[in-house]
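Enquirer: No sequence on hand, only this structure:
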């Protein structure tokens, strides 16, 4: 999880997970990004509408379960 909090490469973390776990097909796309994941700032610049909605949702008070 820590690797997901940064935009640095995470190939070592994926290799360590592969060494001790069963195959995870849903993680295959991560292996295709050995150079790193985009930062939050880069994602916000690429998707400004979604970034604005996400920021608003993060500031909104929590709703009580229905």
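Expert: All right, it came through fine. Everything numeric in this text was worked out from a predicted model, so none of it was measured.

Enquirer: going forward, measure contacts between C-alpha atoms and count neighbours the same way
Expert: Will do.

Enquirer: hey, where'd the helices end up in this protein?
Expert: Along the chain, counting by DSSP state H, helices occupy 11-20, 28-31, 40-46, 48-59.

Enquirer: Where among those is average confidence lowest?
Expert: Here the lowest mean pLDDT among the helices of the chain goes to helix 28-31, at a mean of 63.

Enquirer: on that earlier part again, possible to save the helices of the chain as a markdown table with distance to residue 65?
Expert: Shown next, in a markdown table, are the helices of the chain (distance: least, C-alpha to C-alpha, whole Å):
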| stretch | distance to residue 65 |
| --- | --- |
| helix 11-20 | 35 |
| helix 28-31 | 33 |
| helix 40-46 | 29 |
| helix 48-59 | 16 |
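
Enquirer: can the ones you listed go into CSV with extra columns for mean neighbour count?
Expert: Output for these, formatted as CSV (neighbours: other C-alpha atoms under 10 Å):
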stretch, mean neighbour count
helix 11-20, 12
helix 28-31, 11
helix 40-46, 13
helix 48-59, 11
